[in-house]
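K.L.:
I need the structure of the sequence given here:
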Amino acid sequence: MASPDETRSDAPPTPESRPPSVDRLARAIADVDLPHPLLVDAARSAVASGDPATAEQRARDIAGEQARSLLTSVVNATGVLLHTNMGRSPWMNLPGHGSDRYSSLELDLDSGERGSRQDRAPRLLARMCGAESAMVVNNCAAAVLLALAALADGRGVVVSRGELVEIGGGFRIPEVMSQSGADLLEVGTTNRTRLADFEQAIDGNDVALALSVHRSNYRITGFTESVAACDLTGLGVPVLADLGSGLVDSACQWLDDGPPSWLEGEPAVRQTLEAGVDLVTFSGDKLLGGPQAGIIAGRADLVARCAAHPLARALRPGSLVLSSLQELALAYLARDGRSIPFWRMATIPVEELRRRASAISVDLAADTMAVPGGGTLPGVEIPSVGLMIPGDRVAELRTGTPPVIARVHDGSTVIDLRTVHPHDDDVVRAAVNRLT
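P.N.:
Residues are numbered from 1 along each chain as shown. The predicted structure follows:
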């Protein structure tokens, strides 16, 4: 005869204990903005992980977490103009984006034959910075890698020890040079390198290039000496300058008031080429203010060798990047800095920021300092205005739609308006009201 416990274990499951239907759960959370297959995945995970009575809420939570993890727009209120975690420069002007039309990416409209994707935007970029020629790859690290591989494979490249940099993401000049097939010839010391050090290395070795690397994310001060890229031009070998940040022209002719004071000392592409440097590489998404890209510009014969290298195909950009760079170059050539979001934000008057902050909250308005960011201009600060809320409230701000990304300084949450588009002031106001 069965015991009472054995009898109970054979009883059919009650509706409350029976695992819910995955399909029913998925339909119950259909208001979460995800495709049905992803809702089904969330429902399956919820069913497998616990109590059937709470499965629907768990499925909703799982789906909501996935939806929040997708790439989305955010309000950058950190005051970091080129915030790497948020895509650096806020360039989103994609002509024709969202339409069903194709592009003339590699089509020669005159002949109807196949053309080159390096013909249009790169030609405008070359004109913009005063170069004989230019080409585009997918980021600045790729530009350096390609230039070294195409111009110095199996030969020496001379570089100062003080410029063997590492930037964000583990990009190290020695490792990139090793991957390119070039031989690294270090000269000088960490803090002091002279022109004679370069001359001695070139005299005793098979040298293909002299490389100058802009120390964009750190500074060496004190007992120092260095050699500018323009001073390397008489060595008898081509000079490659990795400028990184991508300031087009030190005169900033696209700005009505000329260059801002915080750009003082930043090397510019046009002036570097005018000084006799043969080839430069720089980023598209830093001080240039465009999409992620790497630009190689300079002597036409050297650019052509880079374009002909097998790596060029692996590193080439797509149509969205090239169309964005085309629009950006046209804006520079038209001297229309107001149409470039980075420059518009970077140069907005403090008085205007103060007016906007007071309109959101007179009590919370406060002076602050923004920074260029993106590994450019280390130590440079830009006067700004924002809102200051006591305590650390940044996690709460991130939960909004859209998320507002702020920073904490001296125990207070800072919402810096220099990096907030005026159209988003209402978003900031609503977020602040929720907190206060």
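K.L.:
residue ranges with poor pLDDT in the stretch 151-300 of the chain?
P.N.:
167-171, 216-218 (pLDDT under 70).
K.L.:
any idea where the strands of it begin and end?
P.N.:
Using DSSP state E, counting those that start in this stretch, the strands of the stretch 151-300 of the chain run over residues 156-160, 166-167, 171-172, 183-187, 207-213, 239-244, 279-283, 294-298.
K.L.:
can you list those strands in a markdown table and add mean neighbour count and distance to residue 33?
P.N.:
Placement of C-beta: from N, CA and C, glycine included. Below are these laid out as a markdown table (neighbours: other CB atoms under 10 Å; distance: least, CB to CB, whole Å):
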| stretch | mean neighbour count | distance to residue 33 |
| --- | --- | --- |
| strand 156-160 | 24 | 50 |
| strand 166-167 | 16 | 37 |
| strand 171-172 | 15 | 36 |
| strand 183-187 | 19 | 51 |
| strand 207-213 | 24 | 45 |
| strand 239-244 | 27 | 39 |
| strand 279-283 | 28 | 34 |
| strand 294-298 | 28 | 35 |
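K.L.:
Just put those in a markdown table and tack on distance to residue 263.
P.N.:
Shown next, in a markdown table, are the strands of the stretch 151-300 of the chain (distance: least, CB to CB, whole Å):
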| stretch | distance to residue 263 |
| --- | --- |
| strand 156-160 | 24 |
| strand 166-167 | 20 |
| strand 171-172 | 24 |
| strand 183-187 | 29 |
| strand 207-213 | 19 |
| strand 239-244 | 13 |
| strand 279-283 | 15 |
| strand 294-298 | 19 |
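K.L.:
And the residue nearest the centre of the chain, how close does it get to residue 261?
P.N.:
Most central in the chain under CA atoms, centre = their mean is residue 88, positioned 3.7 Å from the mean C-alpha point. Noted for residue 88: a distance of 22 Å to residue 261, by CB to CB, to the nearest Å.
K.L.:
likewise residue 293?
P.N.:
28 Å.
K.L.:
More neighbours: these two, which one.
P.N.:
Counted by other CB atoms under 10 Å, residue 293 and residue 261 do not tie: residue 293 has more neighbours, with 26 against 8.
K.L.:
Name all residues that make contact with the residue nearest to the more buried one when sequence neighbours are not counted.
P.N.:
Nearest residue to residue 293 in three dimensions, chain neighbours excluded: residue 284, at 3.2 Å (CB to CB, 6 or more residues apart in numbering). Counting by CB atoms under 8 Å, 6 or more residues apart in numbering, residue 284 makes contact with 136, 139, 246, 290-295, 321, 325, 328.
K.L.:
6 Å - rerun?
P.N.:
290-291, 293 (CB atoms under 6 Å, 6 or more residues apart in numbering).
K.L.:
Please report how far it lies from residue 76.
P.N.:
Residue 284 is 18 Å from residue 76, by CB to CB.
K.L.:
Equivalent analysis for residue 204, please.
P.N.:
On the measure of CB to CB, residue 204 and residue 76 end up 50 Å apart.
K.L.:
Please apply the same query to residue 45.
P.N.:
32 Å.
K.L.:
Then residue 397?
P.N.:
Separation of residue 397 from residue 76 (CB to CB) stands at 12 Å.
K.L.:
So which of the two has more stuff around it?
P.N.:
Each of residue 397 and residue 76 has its neighbours counted (other CB under 10 Å); residue 76 has more, 25 against 21.
K.L.:
can you list the domain ranges for the protein.
P.N.:
For the chain, automatic domain parsing gives the domain ranges 15-67, 75-89+343-435, 121-339.
K.L.:
I'd like to know which of these is closest to residue 101.
P.N.:
Among the domains of the chain, the nearest to residue 101 by CB to CB is domain 121-339 (11.1 Å).
K.L.:
Next, format the domains of the chain as JSON lines and append distance to residue 101.
P.N.:
Below are these laid out as JSON lines (distance: least, CB to CB, whole Å):
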{"stretch": "domain 15-67", "distance to residue 101": "25"}
{"stretch": "domain 75-89+343-435", "distance to residue 101": "25"}
{"stretch": "domain 121-339", "distance to residue 101": "11"}
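K.L.:
can you tell me which residues contact residue 421?
P.N.:
Listed by CB under 6 Å, 6+ apart, the contact set of residue 421 is empty.
K.L.:
With residue 345 as the reference, measure out to it.
P.N.:
8 Å.
K.L.:
What of residue 208?
P.N.:
Counting by CB to CB, the gap from residue 208 to residue 345 is 41 Å.
K.L.:
next one: residue 126
P.N.:
27 Å.
K.L.:
for residue 229, same thing?
P.N.:
Counting by CB to CB, the gap from residue 229 to residue 345 is 29 Å.
K.L.:
Then residue 66?
P.N.:
Relative to residue 345, residue 66 is positioned 32 Å away (CB to CB).
K.L.:
quick one, which of these two is more surrounded?
P.N.:
residue 345 (21 against 16).
K.L.:
quick check, that one in a helix?
P.N.:
Yes. Counting by DSSP: H, G, I helix; E, B strand; the rest coil, residue 345 is located in a helix.
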